[in-house]
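Colleague: give me coordinates for this.
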Amino acid sequence: MLNLNAKQISDLQISRLDNATLLSAVEQTSQHVQNSAVARQKLGTIADAYVSAANAYDVAYNPSQKDLLTDVVAELDNKRDKAQTAWHENILAGQRSPNEQKAMVARQLVQLYKDYKLETADEYMKQTTNISQMIQAIEGNATIMAALPTMGLDDYLTDLKQKNEAFAAKMAERTAGTVGREKGVVAAARTAVEKALRDLFRATNVVSIYEGDGGLDQFIDTVNAEIEHYRQILARKGGSSSGGGSNSGNGGGTTNNGGGTEQGGGTEQGGGTEQGGGTEQGGDTPGGDTPGGGGTGTITPDPGTGGGDTPGGGSDPGDDDDAGDTN
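Modeller: Okay, the predicted model is just below:
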């Protein structure tokens, strides 16, 4: 029995979620699907396809190891910066030595520091290379190397060298972890999971309206609670978190920017007339997806094209092409 007052899944502008946040959202939703026997029974292959796409996205982009290595690299860089600063301060102080020979060596070291343009704010590998080259120049000068212990500078140089080499090794490890990774694999997986998520939400709304028995109410409430969490994340980033309106939860209606209300796929005022959930006449609907179209990244529940069919959705462009490394 058709129930125009059936519960509906709310909209979520998934294209605005970064890759890591989207991963969290699709994993949570996948878990809700798997935990709901009713959802799996009523949505059938659409539910299965979504779970499969969510798993594929998880495999394509699981940032845990990359993020772990990134954190370690940042920590090693911080330690290296402190060693570099300590070296610089001590060679500057050495210039004030009353021993002219030591002061002369200190001036040579200061000049080398300037020649290799060492800056703690430099890009990671530029700093790594410059430190390495400066140390090679120092180690190639027998007079300077002989003077370092008497000046109390040998420990500072050794510390800087060790920390620079540790940083370089960890950067090489992080880079090796991405070698052979197929370019665009994350973007392709994201496109697929966004389409599967849209199909899942639309199919849920269609079944909820056309069966009208409230069997999916608990599943819909659970998913809507999850959606609200991610809408708040988007709101904190700034701007609207939905496609120009808020879902009313009744009759599949969504209030749009045009001021009209869509009731069960019927008349949409202010944005055009949508007949049977199909072709829109009189203009586009601000902030919503056109069923079967390419989509803008907003999941807008639609009661379907009639007869219980599930409207298909296009793929959304992800806001990130891939999970790129920083630095």
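Colleague: so which elements touch the host helix or strand of A56?
Modeller: Secondary structure assigned from DSSP states H and E places A56 in helix 45-60. For helix 45-60, the packing partners by 3 or more CB pairs under 8 Å, 6 or more residues apart in numbering; DSSP states H and E come out as helix 19-35, helix 37-43, helix 185-211. The way it works is simple: take the backbone N, C-alpha and C, and place the C-beta from them, glycine included.
Colleague: list the contacts of it.
Modeller: Contact partners of helix 45-60, identified using CB atoms under 8 Å, 6 or more residues apart in numbering, comprise 22-23, 26-27, 29-30, 33-34, 39-40, 185-186, 188-190, 192-193, 195-197, 199-200, 203, 310.
Colleague: what about burial for those residues, which qualify?
Modeller: For the contacts of helix 45-60, a neighbour count by 16 or more other CB atoms under 10 Å gives the buried set as 22-23, 26, 29-30, 33, 39-40, 186, 188-190, 192-193, 195-197, 199-200, 203, 310.
Colleague: helix, strand or coil: sort out L4 for me.
Modeller: coil (DSSP: H, G, I helix; E, B strand; the rest coil).
Colleague: could you point out the helix or strand that follows the helix or strand where A74 lies?
Modeller: In the assignment (DSSP H and E), A74 maps to helix 64-94. Sequence-wise, the next helix or strand downstream of helix 64-94 (DSSP H and E) is helix 100-115.
Colleague: and that following helix, what's buried?
Modeller: Those would be 102, 104-106, 108-109, 112-113, for helix 100-115 by 16+ other CB under 10 Å.
Colleague: tilt between the next helix or strand after it and helix 64-94?
Modeller: Per DSSP H and E, helix 100-115 leads on to helix 124-139 as the next helix or strand towards the C-terminus. Here helix 124-139 runs at an angle of 40 degrees relative to helix 64-94 (axes from the mean of the first three to the mean of the last three CA atoms, to 10 degrees).
Colleague: break down the stretch 151-300 of the chain into its strands, ranges please.
Modeller: In the stretch 151-300 of the chain, the strands defined using DSSP state E, counting those that start in this stretch lie at 267-268, 272-274, 280-281, 298-299.
Colleague: domain parsing for this protein?
Modeller: Domain ranges of the chain: 12-60+186-299, 64-176, per automatic domain parsing.
Colleague: so for A6, which of these sits nearest?
Modeller: When these are compared by CB to CB, domain 12-60+186-299 sits nearest A6, at 4.2 Å.
Colleague: now that closest one: mean pLDDT?
Modeller: Taken as a whole, domain 12-60+186-299 carries a mean pLDDT of 69.
Colleague: next up, phi/psi of Q13, please.
Modeller: Backbone torsions of Q13, given as degrees, to the nearest 10, read phi -80, psi 80.
Colleague: how many neighbours does M125 have?
Modeller: 13 (other CB atoms under 10 Å).
Colleague: distance of the closest residue to it other than its chain neighbours relative to I135?
Modeller: Leaving out its chain neighbours, the residue that sits closest to M125 by CB to CB, 6 or more residues apart in numbering is M171, at 6.9 Å. Applying CB to CB, to the nearest Å, the value for M171 to I135 is 17 Å.
Colleague: with A47 instead?
Modeller: According to CB to CB, A47 and I135 sit 60 Å apart.
Colleague: neighbour count: these two, which is higher?
Modeller: Counted by other CB under 10 Å, A47 and I135 do not tie: A47 has more neighbours, with 23 against 19.
Colleague: what about the more buried one, distance to V26?
Modeller: In this view, A47 and V26 are 13 Å apart by CB to CB.
Colleague: picking that back up, among the helices and strands packed on helix 45-60, which is nearest A147?
Modeller: Among the helices and strands packed on helix 45-60, helix 19-35 sits nearest to A147 (CB to CB), with 51.4 Å.
Colleague: who does the closest one touch, helix- and strand-wise?
Modeller: helix 37-43, helix 45-60, helix 185-211, helix 217-237.
Colleague: and the first one, what does it pack against?
Modeller: Applying 3+ CB pairs under 8 Å, 6+ apart, we find helix 37-43 packed against helix 19-35, helix 45-60, helix 185-211, helix 217-237.
Colleague: recalculate using a threshold of 6 Å.
Modeller: Packing partners of helix 37-43 (3 or more CB pairs under 6 Å, 6 or more residues apart in numbering; DSSP states H and E): none among the helices and strands.
Colleague: could you do the longest one as well?
Modeller: On a contact count with 3+ CB pairs under 6 Å, 6+ apart, helix 185-211 meets helix 45-60.
Colleague: returning to what we had before: could I get the domains of the chain as a markdown table with distance to L4?
Modeller: A markdown table is the format used below for the domains of the chain (distance: least, CB to CB, whole Å):
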| stretch | distance to L4 |
| --- | --- |
| domain 12-60+186-299 | 4 |
| domain 64-176 | 45 |
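Colleague: any idea which of the ones you listed is most buried?
Modeller: Most buried of the domains of the chain, by mean neighbour count (mean count of other CB atoms under 10 Å): domain 12-60+186-299, with a mean of 19.
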